[in-house]
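>>> Let's see this in three dimensions:
(one chain, ligands or ions: 2)
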Amino acid sequence: MMNKSIAFLGGGQMAEALIGGLVASQAAHPETICATDPMAARRDLLKSRFGIRVGEKNGTAVREADLIVLAVKPQAMPAVLSDVGPALSGKLIVSIAAGVTVAWIRERVAQPRAIVRAMPNTPALVREGVTALAYQPDLSADDVRAVRSLFEAVGSVVAVEERLMDAVTGLSGSGPAYVFVAIEALADGGVKMGLPRATAQLLAAQTVLGAARMVLERGEHPARLKDQVASPGGTTIAGLHQLEVGGMRGCVMAAVEAATKRSQELGR
Ligand SMILES: NC(=O)C1=CN([C@@H]2O[C@H](COP(=O)(O)OP(=O)(O)OC[C@H]3O[C@@H](n4cnc5c(N)ncnc54)[C@H](O)[C@@H]3O)[C@@H](O)[C@H]2O)C=CC1
Ligand SMILES: O=C(O)[C@@H]1CCC=N1
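Numbers count the residues shown, from 1 in each chain. Ligands and ions are numbered 1, 2, ... in the order given. Below is the predicted model:
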């Protein structure tokens with residue numbers, strides 16, 4: 001159980017995924033979580049679905065919590081910080097905004113206890129997220145524990161230098177969207193070849209999940225695992241040939257590069 005009260009400023013998609021994972025894992029009691037959002041529909045959904053406290057006023061939420069998660073869009077960050085900057089004095093701040101740097105936040109808040117930059121992803125909702133954290137070496141052991149347990153409750157956590165956070169954003173932050181497209185495309189292929197949609201979608205999603213588990217649990221190079229599927233003169237190598245003709249590797253690498261560059265732009 002987390003021993004800190006948490007305020008999420010911004011109750012959108014990513015806050016929902018984090019809150020959902022936190023509540024499901026029982027890492028935090030819903031009463032200790034508060035989320036703010038100007039949209040009544042968002043507040044109502046978060047309150048009814050997870051039993052957390054909700055509000056409209058960022059200042060009130062900040063004053064009542066110790067750990068503040070900045071979960072608004074990067075474009076909304078200047079307005080939020082000019083509103084609550086002074087109230088953030090003494091608080092542990094975690095920003096999940098793409099591109100926004102610790103230095104940029106530090107210029108806009110009065111005397112925070114610490115600022116941690118985090119990049120989670122939406123599979124946090126089902127506790128299969130992955131979060132990269134960038135924090136200063138002088139972050140207290142208690143604050144490291146609090147931030148790590150927030151994100152470990154919803155998946156795995158890696159520590160990176162802050163300069164790598166845009167690349168993380170391009171890969172795992174945005175990555176679930178690429179994988180959803182891949183699952184949809186696999187299912188479409190199955191439907192094209194005559195499978196019912198529901199069967200095709202199940203086969204596609206479980207294939208992605210199983211392949212990912214093999215990489216993580218066996219620790220083997222993906223190329224080796226790929227070779228084990230491809231029989232000489234068989235079906236798989238025929239499919240792999242088409243992926244190479246279509247430029248799948250270059251296309252996926254270019255997607256990570258484009259999203260990384262966009263994250264860098266958002267931080268300027
Ligand atoms: N969606 C994702 O997969 C990920 C998003 N992020 C980051 O998380 C942040 C939020 O992204 P999403 O949840 O996708 O966006 P979203 O648009 O779903 O959520 C943002 C929420 O903030 C609310 N909001 C706007 N102005 C506000 C204010 N002044 N005070 C309080 N709330 C306000 C909006 O009404 C909205 O509900 C962004 O900075 C994004 O870069 C990070 C990792 C993954
Ligand atoms: O698309 C975005 O800007 C956010 C950041 C990472 C995932 N979604």
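>>> so where do the helices sit in the stretch 151-268 of the chain?
With DSSP state H, counting those that start in this stretch, the ranges of helices along the stretch 151-268 of the chain come out as 165-168, 175-192, 197-218, 222-229, 235-245, 248-266.
>>> Might you enumerate the residues of the protein proximal to ligand 2?
By C-beta under 6 Å from any ligand atom, the residues of the chain that approach ligand 2 are 98, 169, 173, 174. For the C-beta atoms, the positions are set from N, CA and C on the backbone; glycine is no exception.
>>> Show me which of the residues you listed are buried.
98, 169, 173, 174 (16 or more other C-beta atoms under 10 Å).
>>> pLDDT score for the third one?
Right, the one you point to is residue 173. For residue 173, the pLDDT comes out at 98.
>>> Give me the spatial nearest neighbour of residue 129, chain neighbours excluded.
residue 155 (3.2 Å; C-beta to C-beta, 6 or more residues apart in numbering).
>>> Tell me which residues are up against stretch 115-126.
13-14, 16-18, 20-21, 92-96, 98, 100-102, 105-106, 109, 129-135, 139, 143, 147, 151, 154-155, 162, 165, 168-169, 172-173, 175-176 (C-beta atoms under 8 Å, 6 or more residues apart in numbering).
>>> Spatially, which residue comes closest to residue 44, not counting chain neighbours?
The shortest distance from residue 44 to any non-neighbouring residue, by C-beta to C-beta, 6+ apart, is to residue 54 (7.8 Å).
>>> wait, isn't that neighbour in contact with residue 43?
Yes. Shown here, residue 54 and residue 43 form a contact pair, counting by C-beta atoms under 8 Å, at 4.0 Å.
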